[in-house]
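In: one predicted model, sequence on top.
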Amino acid sequence: MIEHINWYPGHMKKTRELIEENLKLVDVVIEVIDARIPRSSRNPIIDELVIGKPRIIVLNKSDLADDAETEKWIATFGGRDSAVAMNCMNGGGKKQLLARLAQLQEQKNAGQLRHRPLRMMIVGVPNVGKSSLINRLTGKKSARTGDRPGVTRGKQWLSLENGMQLLDTPGILWPKFEDPNVGIDLAFCGSIKDEILDTSTLAFELLTVLSDRYPELLLKRYNLEELPEAEELFDEDGREISPTLALMDAISLKRGFILPGKKIDYERAGRTILDEFRGGLIGRITLEKAGEHIR
Ligand SMILES: Nc1nc2c(ncn2[C@@H]2O[C@H](COP(=O)(O)OP(=O)(O)O)[C@@H](O)[C@H]2O)c(=O)[nH]1
Ligand SMILES: [Mg+2]
């Protein structure tokens, strides 16, 4: 289910309460983010909420992101004790995550007579792969273990193969939308419906970012010799056109996105570019770089 995204403070308050309530039940919080947009797919309140608890940041969808950038982000987040790259489509990174969880379980039980399984919860903004991670961790054999003594009624736990316990519903956080770039980056990655901008405008924005960051990937994907230069581009009526628009035109011509009357089908071009980016077909791309404020 895609959670609707109308952001208002009421959401934040309710989210906070729900997560605070669940936090009391767990030893560790797993925060899932999108490795392509590690900044925009985080929610600022989570830092405050988890103070005093171990937290592991999962940079999910790392199969779609730039490995070198993912490494930098892991370092930014405090290294391998605090962050792990994952691919929930094939289980990549699961071993590392489980190893870190095992360490935390050992710490929890150090000096204790009775061994207790580690309990954890998963949080994150919509579409980062929370449900996929739950499925990965629990596998096909996942079983609800039902209410347990001392646990708020109605809470359901899933057992991992190693006996650890996972709260079965993830905490859904809302991203911070005050910065318009956050909304745009989330839209690029399909984390919010394409309603903040129309498809061709969103693709236009994406092409602008990609021309700057990953020009060689664009050239390769769209079979182009070079990217249009910033100067001296004019349409047939002599009006100046931007290099990004010229690029969109070039891609459309290559792919035959032409309407009757030889007009460019920007809707189709936009949809294609967005789909190909989201599917990883343009290449492995990180839109937000570690150490930079926006991108
Ligand atoms: N390429 C890729 N896609 C993923 C990965 N994890 C999840 N997805 C896809 O991302 C979409 C959202 O995943 P989901 O688990 O429903 O996200 P949730 O909203 O956070 O629960 C689905 O289409 C998943 O198949 C991943 O590691 N790599
Ligand atoms: Mg889900």
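Out: On my side now, so go ahead. Ligands and ions are numbered 1, 2, ... in the order given.

In: separation between Leu217 and Ala65?
Out: Counting by Cβ to Cβ, to the nearest Å, the gap between Leu217 and Ala65 amounts to 13 Å. (C-beta placed from N, C-alpha, C; glycine too.)

In: try Leu218
Out: 17 Å.

In: try Gly129
Out: 12 Å.

In: rounded mean pLDDT for stretch 215-232, please.
Out: Mean pLDDT, stretch 215-232: 90.

In: buried set for it?
Out: By 16 or more other Cβ atoms under 10 Å, the buried positions in stretch 215-232 come out as 217-218, 221-222, 224, 227-228.

In: is it possible to get TSV of those residues that adds secondary structure and distance to Thr76?
Out: As requested, the buried residues of stretch 215-232 are exported to TSV (DSSP: H, G, I helix; E, B strand; the rest coil; distance: Cβ to Cβ, whole Å):
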residue	secondary structure	distance to Thr76
Leu217	helix	23
Leu218	helix	27
Arg221	helix	29
Tyr222	coil	32
Leu224	coil	34
Leu227	coil	30
Pro228	coil	34
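
In: pLDDT score for the residue in the stretch 151-295 of the chain that ligand 2 sits nearest to?
Out: Here the residue of the stretch 151-295 of the chain nearest ligand 2 is Pro170; by Cβ to the ion that distance is 6.2 Å. Turning to Pro170, the model gives it a pLDDT of 91.

In: how about the contacts made by it?
Out: 32, 121-124, 130-131, 134 (Cβ atoms under 8 Å, 6 or more residues apart in numbering).

In: go on, Val125?
Out: 33, 41-43, 172-175, 186, 191.

In: with Lys72 instead?
Out: Counted by Cβ under 8 Å, 6+ apart, Lys72 has contacts 289-291.

In: report the entries of those residues that also contact ligand 1.
Out: Filtering these for proximity to ligand 1 by Cβ under 6 Å from any ligand atom leaves nothing.

In: please narrow those residues to those residing in helices.
Out: Applying DSSP state H to these, no entry is found in helices.

In: list buried members of these by neighbour count.
Out: 289-290.

In: just send the contacts of Lys72 back as TSV, with pLDDT and distance to Lys13 too.
Out: Supplementary listing: the contacts of Lys72 in TSV, determined by pLDDT from 0 to 100; distance: Cβ to Cβ, whole Å:
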residue	pLDDT	distance to Lys13
Lys289	94	32
Ala290	92	31
Gly291	81	32
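
In: could you dump the contacts of Lys72 to JSON lines with distance to Leu274?
Out: Below are the contacts of Lys72 laid out as JSON lines (distance: Cβ to Cβ, whole Å):
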{"residue": "Lys289", "distance to Leu274": "21"}
{"residue": "Ala290", "distance to Leu274": "25"}
{"residue": "Gly291", "distance to Leu274": "27"}
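
In: residue ranges for the strands of this protein, please.
Out: Taking DSSP state E, the strands of the chain run over residues 28-34, 55-60, 83-85, 119-124, 157-159, 165-167, 171-172, 258-259, 263-264.

In: name the residues of the one helix or strand in the chain whose mean pLDDT sits lowest that are buried.
Out: Lowest by mean pLDDT, DSSP states H and E among the helices and strands of the chain is helix 9-23, with a mean of 80. Within helix 9-23, the residues scored as buried using 16+ other Cβ under 10 Å are 11-12, 15-16, 19, 22-23.

In: of these, list those near ligand 1.
Out: Applying Cβ under 6 Å from any ligand atom, the subset of the buried residues of helix 9-23 adjacent to ligand 1 is empty.

In: residue contacts, Thr286?
Out: Thr286 sits next to 35-38, 65-66, 69-70, 73 when contact means Cβ under 8 Å, 6+ apart.

In: residue ranges with poor pLDDT in the chain?
Out: 1-11, 140-154, 194-196, 230-233, 293-295 (pLDDT under 70).

In: in it, which spans are helices?
Out: Going by DSSP H, the chain shows helices at 9-23, 45-49, 67-76, 94-109, 130-138, 180-188, 199-213, 215-221, 243-255, 266-278.

In: looking at these, which is nearest to Lys155?
Out: Closest to Lys155 of the helices of the chain is helix 9-23 (Cβ to Cβ; 7.6 Å).

In: tilt between that closest one and strand 119-124?
Out: Helix 9-23 and strand 119-124 are oriented at 160 degrees to each other (axes from the mean of the first three to the mean of the last three Cα atoms, to 10 degrees).

In: lovely, talk soon.
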